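Q: what follows is a predicted protein model with its sequence.
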Amino acid sequence: MMKNTMLEMSRYAALARQAVAEGIVLLKNEAVLPLVSGGRAALFGYAQFHYYQSGTGSGGLVNTAHVPNLPEVLGGPDGYQLDAEVQARYAAWLAEHPYEMGTGWAQEPWFQPEMPLDEDFVRAAAQRAETAFIVIGRTAGEDQDNSNAPGSFLLTEGEENMLALVCRHFKKSVVLLNVGNIIDMQWVMRYNPGAVAYIWQGGQEGCRGVLDVLNGTVNPCGKLPDTIACTPADYPAADHYGADDSNIYAEDIYVGYRYFETFAPEKVLYPFGFGLSYTKFEVRLLSADETADGITAFAAVQNTGSCPGKEVVQLYCTAPQGRLGKPSKVLCAFAKTRTLAHGESQTLTLKAPWRNFASYDDSGVTGHKSAFVLEAGEYCFSLGTDVRSAEEAFTVTLPLMVVEQLESAAAPAVAFERLRPGADGTPAWEPVPTEEERPEPRRAARLPREWLQTGDKGIRLRDVADGTTAMADFVAQFSDEELCTIVRGEGMNSPRVTPGTAGAIGGVSDALQRYGLPAACCSDGPSGIRMDCGTVAFAMPNGTCLAATFNEGLSEELYSMEGLELRKNHVDTLLGPGINIHRHPLNGRNFEYFSEDPLLTGKMACAQLRGMHRWGVTGTIKHFATNNQEHRRHFVESVVSERALREIYLRGFEIAVKEGHARSIMTSYNPLNGYWTASNYDLVTTILRGQWCYTGIVMSDWWADGNDRDGAGSTKHVAAMVRAQNDVFMVVTDPEHNSGSDDLAVALTEGRLIRGELQRSAANICRFLLQTPAFRRSIGRTTALDAQLEAMAEQDMQQAAQNGQPLTLHGGVSIDPAAIDNGYRRTTAFCVMVEQGGAYTLHLRCRAMPGNSPLAQIPVSIFAGRVFVKTITITGAQTDWCEFTAALPAVDAGEVFCLRFYFGQSGMELDAVSLNLLS
Ligand code: BGC
């Protein structure tokens, strides 16, 4: 594909629109769609007015200029004549029932109450228009799981009533699900709509992508990245999901379709990989070869229907049950066609390396403990367009093969039983192999060598880049204080990096910067760049939508644009993609993540990384690992077998590391098999760095806990994190002065941490920095592209400067707090006329309003003209008045500048705000 070298916003939008259209999954269509543009239609559902561009929390806070809603797009050019009476009724309802935002971080209600409909009104509307679109919307997000209740997984009474009436009276009814994750679908049987589609949360281009599918500009080709079963209770994790302290992964590797196809096919409403098209395809195996690395199949796909379209072909493997027991089908390769015209064919190559269908033997039952093995027997491969209908295509007989011999790591210490197929194929249980002895967090034999400290020898990071000095000699210069500083990230809103971002890494003190270390910037992710200071960024489709495209090339192109945008905003790594497995449909952050399947997850992560890597920036794959529920996400321990870890929960990360060349990873909040992941040596050192040969950085999640052997979790246990090679603790406000009161210095003195371990992480961090645009900028190695992006950024700033409320600055001036809009993502501008020049400070008193979650992050950012002054972030726990002061740039008498306040969240109360002249 052609490499784009410009941040062309129109191309960005076109790619995102295409991605939304290709991600839409059409589940039902009784000759209703496509609908020719221009016809009459009525639009029902509150969510039409508030299109959910993404979920909430860190993954949903992209500040977007304007996101068109469904009436704007469906009622616009290429759309339909929307019934005016229905629109007017909703407009009146909306005026009286404005969108309910909730207060503070991730407190947005998951749904909005529906406007009650009555039979006569709907009947009359159906006489005016033949088609009805019904929109059902949900958000979801961080810190809060979905629930099996109306307004979350289930439909509300109002929504049920709307569906019942509209489907009864309209000839054609099309239900559009503007949701981030799968929801209950049993209502399809109750109301029998003509067409049903998951339109997901498509970012700023979402509604346009929807129109393209409705009117047939794009033939739907999205496929379900998750199995849709009847109820949440049907999912195999249901018995343990949502636990307070210990979450036992008893279903083991039988996650999603691996479970349903093996044990409970009758509980499936829509199988994994399923999605309808407006045309028909025939898929035929041409040939299959056994190669040194695995199996390669060639499949011919022909469009036998009437309109052009794309198809996703999936190759599944049914392995012999052997001694380990296997799921009845495992996705081992997939590929998507280009757009095929009527009658046109394409040959797809499906490569399935052995590892894609090998099993990890954690008990030694095959004679090969801690190895990925293929047990002897017949391997049957099926080819098709969803897991259920894929048909047997060829068989390969294999001897017992050891695909990769590894070493046991991160095994559970707690005894529990796990699911497996019994002799007759029905569910059976077996004990999970456990570590008999709790492992030490680090193995004495593997302590890193210490480099003799030399003090500052004048070596700078650029000398390492130029190859004139070894990394060891460079790092040897750091004092103990500097080593302790470098493993602390600065944030949120570090003044050293792009305003409003989550953190700075590397040059987080003046002392470190003297060695030529830049401060690298990271920002949330994954659905666009989160800048909590009002800076506008592009809002991407959500992770599940992108996974549903099964289109790696398209994701790569889209994230190439993201890469350019990151570079323009001086962000070195996006905090995403989020690649945790959809273990259960009620997980609040599923919307950010891709799928229940690790192969699809890994491949989509690689695609995004490849796109961003084109421009020297990267993504941080997160949350490593088993962050599969939001309820008590800091505390609940994931208790998982080694097999399930290797085959399911770590697999996407492994693919992203090995194939996607990931160079930044975020550990998760939760403990895994006894250790909080940031301090889990087996996870971060033995597996990630030892077995996968990962050489990038590892950062903690924000204010994550760590623990020592048998110790309780604490954000202060940073020594344990460094020992595990979680290189950076994210985040503290003042890394140099240990504002987080971590235990690094004490641990170093007591020998619980050795200098060599700090130096090892320092080297990991420096190696990462060498690859960043921040480093290249710091040594003046910018390119024409940087100049071009810089000019774009300047222009944006000028555009953002706007006239505001007049304010005269003559010595001190108080600003009425009521004049400042402290609502969610609100900007208030003052046009300040300076009568008396000089150096001014801004003083602000604020507190968190009651009702915020204690972990809520509530920021206000202040700008003077184009200069970013400060972002003040308080947490939901700060309910007492706090005082903040910030210095403004010096001003001259007669100057006029724009003072701006931007609230990234609601939930902060202001008391006194003033500008004061410094004497
Ligand atoms: C989330 C991360 C996010 C970080 C920084 C945490 O609460 O779990 O995914 O990147 O905050 O905002």
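A: Received, thanks.

Q: just the element for the closest residue to the ligand within the stretch 651-800 of the chain, please.
A: Nearest residue of the stretch 651-800 of the chain to the ligand (CB to the nearest ligand atom) works out as W702 at 4.0 Å. Where C-beta positions appear, they are placed from N, C-alpha and C, glycine not excepted. Assigned by DSSP states H and E, W702 falls within no helix or strand.

Q: residues contacting it?
A: Applying CB atoms under 8 Å, 6 or more residues apart in numbering to W702 gives the contacts 491-492, 502-503, 730-731.

Q: 6 Å instead, please
A: Listed by CB atoms under 6 Å, 6 or more residues apart in numbering, the contact partners of W702 are 730-731.

Q: which residue does the stretch 51-200 of the chain have closest to the ligand?
A: S58 (3.6 Å).

Q: apart from its neighbours in sequence, what residue is nearest that residue?
A: Among residues not flanking S58 along the chain, D524 sits closest, at 4.3 Å (CB to CB, 6 or more residues apart in numbering).

Q: surely the one you found and G576 touch.
A: No - counting by CB atoms under 6 Å, D524 does not reach G576; the two are 7.1 Å apart.

Q: so what's the residue most central in space within the chain scoring on pLDDT?
A: Per CA atoms, centre = their mean, the C-alpha nearest to the average position across the chain is that of G578, at 3.3 Å. Predicted confidence (pLDDT) for G578: 98.

Q: so what's it up against?
A: By CB under 6 Å, 6+ apart, the contact list for G578 reads 526, 592-593, 622.

Q: and the gap between it and R589?
A: As for G578, its distance to R589 is 7 Å (criterion: CB to CB, to the nearest Å).

Q: okay, now the nearest residue to E30 once chain neighbours are set aside: neighbour count?
A: Leaving aside its sequence neighbours, E30 sits nearest to G194 (CB to CB, 6+ apart; 4.9 Å). G194 has 19 neighbours, counted by other CB atoms under 10 Å.

Q: residues contacting G194?
A: By CB under 6 Å, 6+ apart, the contact set of G194 is 30, 32, 172-173.

Q: most neighbours out of the residues you listed, which is it?
A: Going by other CB under 10 Å, S173 tops the contacts of G194 with 25 neighbours.

Q: so what's that residue bridging to?
A: Counting by DSSP bridges, S173 is bridged to A132.

Q: I figured it hits C167, correct?
A: Yes - in this structure, S173 is within contact of C167 by CB under 6 Å, at 4.7 Å.

Q: got any residues that touch both of these two?
A: Joint contacts of S173 and C167 (CB under 6 Å, 6+ apart) are P193.

Q: got the residues of the stretch 501-650 of the chain near the ligand?
A: Applying CB under 6 Å from any ligand atom, we find that the stretch 501-650 of the chain lies next to the ligand at 502, 524, 575, 622.

Q: P308 and G343 touch, don't they?
A: No - using CB under 6 Å, P308 is not in contact with G343, being 10.3 Å away.

Q: those two: who's more crowded?
A: A direct count of neighbours by other CB under 10 Å for P308 and G343 places P308 higher, at 17 against 10.

Q: what's near enough to touch that one?
A: By CB under 6 Å, 6+ apart, the residues touching P308 are 339, 341.

Q: same deal with the one 5 residues further on?
A: For V313, the residues meeting the contact criterion (CB under 6 Å, 6+ apart) are 283, 299, 335, 348.

Q: now, which of those sits nearest C831?
A: When the contacts of V313 are ranked by distance to C831 (CB to CB), A335 comes first, at 57.3 Å.

Q: for that closest one, helix, strand, or coil?
A: What DSSP: H, G, I helix; E, B strand; the rest coil gives for A335 is strand.

Q: contacting residues for it?
A: Shown in contact with A335 (CB under 6 Å, 6+ apart): 313, 348, 350.

Q: tell me how far stretch 233-252 lies from the chain's centre.
A: Stretch 233-252 sits 22 Å away from the centroid of its parent chain (CA atoms, centre = their mean, to the nearest Å).

Q: report the buried residues of that stretch.
A: Going by neighbour count (16 or more other CB atoms under 10 Å), the buried part of stretch 233-252 is 234-238, 240-243, 247-252.

Q: gap between the worst-scoring helix or strand of the chain on mean pLDDT and the chain center?
A: Among the helices and strands of the chain, helix 784-800 carries the lowest confidence by mean pLDDT, DSSP states H and E, at a mean of 82. Relative to the centre of its chain, helix 784-800 is centred 27 Å away, using CA atoms, centre = their mean.

Q: and the residue of the stretch 501-650 of the chain at minimum distance from the ligand, how many neighbours does it have?
A: Closest contact between the stretch 501-650 of the chain and the ligand, by CB to the nearest ligand atom, is at L575 (3.8 Å). L575 has 29 neighbouring residues, counting by other CB under 10 Å.

Q: could you find the closest non-adjacent residue to it?
A: L575 sits nearest to G525 (CB to CB, 6+ apart), 3.8 Å away.

Q: contacting residues for that neighbour?
A: Contact analysis of G525 by CB under 6 Å, 6+ apart lists 574-576.

Q: report pLDDT for it.
A: 90.

Q: how close does it get to S494?
A: The value you get for G525 to S494, if CB to CB is used, is 16 Å.

Q: isn't L789 up against H570?
A: No - contact between L789 and H570 fails when scored by CB under 6 Å: they sit 9.2 Å apart.

Q: show me where the stretch 201-350 of the chain has strands.
A: With DSSP state E, counting those that start in this stretch as the criterion, the stretch 201-350 of the chain has strands at 228-229, 246-248, 268-270, 281-290, 294-303, 312-318, 330-336, 345-353.

Q: one more: the stretch 501-650 of the chain?
A: Counting by DSSP E, counting those that start in this stretch, the stretch 501-650 of the chain has strands at residues 503-506, 519-524, 573-575, 618-619, 621-624, 637-639.

Q: who are the packing partners of the second one?
A: In other words, strand 519-524. strand 503-506, strand 573-575 (3 or more CB pairs under 6 Å, 6 or more residues apart in numbering; DSSP states H and E).

Q: do you know which of these lies nearest E8?
A: E8 lies closest to strand 573-575 among the helices and strands packed on strand 519-524, at 19.6 Å (CB to CB).

Q: roughly how far is the closest one from the heart of the chain?
A: Distance of strand 573-575 from its chain centroid, counting by CA atoms, centre = their mean, is 10 Å.
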